[in-house]
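Chemist: next input, structure requested:
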Amino acid sequence: MHVLSVMIASGLNQTIPNHGALSAYVDTFSQVIQRQATSSGFLHNHPSGDPKPSSADIAITRDIVDAAAAISVKVHDHLVIGRERVDSFRSLGLL
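Modeler: Modelled structure (predicted):
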């Protein structure tokens, strides 16, 4: 069985408790495990309107991808939503 789990972490419309970026992604990734997902995608917004991934976004995403690989879960992409556009980690060569 293949399950795709897409998790959303944002400061405005959150689907998970947001106690800081790292905590939010730990909570999010735990849901991937609980749902026994085989693949996942992540997205969040930048209230500044600039969707360019921050160094913290990149570091956390690398940690998530490494943790996911350890349990055979594929991370398809991490999207950052801005005011006028969306940046994709995959398209930017960050995944």
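Chemist: every contact and neighbour count from this point should use C-alpha atoms.
Modeler: Will do.
Chemist: from residue 85, how far out is the residue nearest to residue 39 when sequence neighbours are not counted?
Modeler: Excluding the flanking residues, the one nearest residue 39 by CA to CA, 6 or more residues apart in numbering is residue 74, at 4.4 Å. Per CA to CA, to the nearest Å, residue 74 is found 25 Å from residue 85.
Chemist: between those two, which one's more packed in?
Modeler: More crowded of residue 74 and residue 85, by other CA atoms under 10 Å: residue 74, with 18 against 12.
Chemist: give the contact list for that one.
Modeler: Residues near residue 74 by CA atoms under 8 Å, 6 or more residues apart in numbering: 38-40, 65, 68.
Chemist: just those: which are in strands?
Modeler: Per DSSP state E, strands hold the following members of the contacts of residue 74: 39-40.
Chemist: tell me which of the contacts of residue 74 is nearest to residue 28?
Modeler: residue 40 (10.3 Å; CA to CA).
Chemist: wait, the closest one touches residue 72, no?
Modeler: No: in this structure, residue 40 is not within contact of residue 72 by CA atoms under 8 Å, at 10.9 Å.
Chemist: beta partners for residue 43?
Modeler: residue 8, residue 79 (DSSP bridges).
Chemist: just to revisit the earlier point, so for the residue nearest to residue 39, what's the pLDDT?
Modeler: Residue 74 is assigned 88 on the pLDDT scale.
Chemist: separation between it and residue 57?
Modeler: Applying CA to CA to residue 74 and residue 57 gives a distance of 18 Å.
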